[in-house]
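*Asks:* got a predicted structure plus its sequence, pasted below:
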Amino acid sequence: MSHLLYIEASPGELNSHSSQVASRYIESRTQSGPVTSVQRLNLWEETLPAFDRKVIEAKFAVLRKKEFSTDQLEAWTKVKRFADEFCSADEYVLSVPMWNFSVPYVLKHYIDVITLADVNWIWSPESGYKGLLKDKSATLIYSSASDYPLGPDYHPHDFQKPYLRKWLNFIGVEDIQEINVAPTLAAPDTLASVKANATEVAQQLGQSAAALHGQHAS
Ligand SMILES: Cc1cc2nc3c(=O)[nH]c(=O)nc-3n(C[C@H](O)[C@H](O)[C@H](O)COP(=O)(O)O)c2cc1C
């Protein structure tokens, strides 16, 4: 059994290409194998705390193994709530449109808020950086007007896919699968074929992820 957290970074709601394919993936995943719960986190509906001077001071207090001041504790508690919620999931699904070659600012804000020292990564002068998340998987559903194909050799202008992979690896998530819905700025028949292909991939990956999690659970 597995807790799935669906992070929606497109403001498009039902019209979003990436969210439509993500919904198909989640449907296939939940129909093919047991999931304890599915939590949807639409980043456009969240009020995320600012990652301001107090949180930054708290972060460096953690890294320098110093006690929090009252202000730092208060600031850290606000961001840690989101980080704890993120860390409690077993499987992640992210629907992510490309914005200016990277990700929408709400997703960058969320990543800054939840990527916390001693919560999902650690650092020491001797050992450097180490991700703390273990045995978690992520399915990334990308969308873009132009076509930036999946890696390993990402397009040099693509800061969406390599960025998300790097961030997930940094916190310890190694098991990553990707679906690309692109190009979306295309003639209707091309777009229909792009969507049909991506939906088919989502259907298949949902089934294989369910089989994999079934093996882990048994
Ligand atoms: C602010 C903004 C910036 C964008 N920047 C890019 C870009 O750099 N490259 C690209 O191919 N598409 C870009 N797009 C287009 C979207 O990635 C594209 O419409 C995508 O299909 C939207 O996905 P969604 O329907 O899931 O929201 C941008 C769209 C917006 C609103």
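*Replies:* On my side now, so go ahead. Small disclaimer: the values here were computed from a predicted structure and weren't measured. Residues are numbered from 1 along each chain as shown.
*Asks:* which of the helices or strands spans Glu85?
*Replies:* Element membership for Glu85 (DSSP states H and E) is helix 70-87.
*Asks:* surely Tyr154 forms part of a strand?
*Replies:* No. Per DSSP: H, G, I helix; E, B strand; the rest coil, Tyr154 lies outside any strand segment and is coil.
*Asks:* next, count neighbours for it.
*Replies:* 16 (other C-beta atoms under 10 Å). Every residue, glycine included, has its C-beta placed from N, CA and C.
*Asks:* who's in contact with it?
*Replies:* 148, 161-162 (C-beta atoms under 8 Å, 6 or more residues apart in numbering).
*Asks:* and if we set it to 6 Å?
*Replies:* 161-162 (C-beta atoms under 6 Å, 6 or more residues apart in numbering).
*Asks:* show the pLDDT at it.
*Replies:* You'll see Tyr154 listed with a pLDDT of 93.
*Asks:* how much space between it and Trp76?
*Replies:* Distance, Tyr154 to Trp76, using C-beta to C-beta, to the nearest Å: 34 Å.
*Asks:* please, where are all the helices along this structure?
*Replies:* Using DSSP state H, the helices of the chain run over residues 17-32, 53-63, 70-87, 105-114, 161-170, 188-217.
*Asks:* from Lys161, how far out is the residue positioned nearest the centre of the chain?
*Replies:* Residue closest to the average C-alpha location in the chain (C-alpha atoms, centre = their mean): Leu94, at 4.6 Å. Here the criterion is C-beta to C-beta. By it, Leu94 lies 11 Å from Lys161.
*Asks:* now swap in Ile179 and tell me
*Replies:* Counting by C-beta to C-beta, the gap from Ile179 to Lys161 is 11 Å.
*Asks:* hey, what's in contact with both of the two?
*Replies:* In contact with both Ile179 and Lys161: no residue, using C-beta under 6 Å, 6+ apart.
*Asks:* how about the residues of the chain by the ligand?
*Replies:* 10, 12, 16-19, 97-101, 143-146, 184 (C-beta under 6 Å from any ligand atom).
*Asks:* returning to that earlier point: so which of the helices of the chain is the most packed in?
*Replies:* helix 17-32 (a mean of 21; mean count of other C-beta atoms under 10 Å).
*Asks:* just the C-alphas of that helix, formatted as PDB.
*Replies:* Only the C-alpha atoms of helix 17-32 are listed here, as PDB (Å, rounded to 0.1, in the frame of the first residue of the first chain):
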ATOM      1  CA  HIS A  17      -2.500  19.200 -21.000                       C
ATOM      2  CA  SER A  18      -0.100  18.000 -18.300                       C
ATOM      3  CA  SER A  19      -2.800  17.600 -15.700                       C
ATOM      4  CA  GLN A  20      -5.100  15.600 -18.100                       C
ATOM      5  CA  VAL A  21      -2.300  13.100 -18.700                       C
ATOM      6  CA  ALA A  22      -1.400  13.100 -15.000                       C
ATOM      7  CA  SER A  23      -5.100  12.200 -14.200                       C
ATOM      8  CA  ARG A  24      -4.900   9.300 -16.700                       C
ATOM      9  CA  TYR A  25      -1.700   8.100 -15.000                       C
ATOM     10  CA  ILE A  26      -3.200   8.200 -11.600                       C
ATOM     11  CA  GLU A  27      -6.400   6.500 -12.800                       C
ATOM     12  CA  SER A  28      -4.300   3.700 -14.300                       C
ATOM     13  CA  ARG A  29      -2.100   3.500 -11.200                       C
ATOM     14  CA  THR A  30      -5.000   3.200  -8.800                       C
ATOM     15  CA  GLN A  31      -7.000   0.800 -10.900                       C
ATOM     16  CA  SER A  32      -4.000  -1.500 -11.400                       C
END
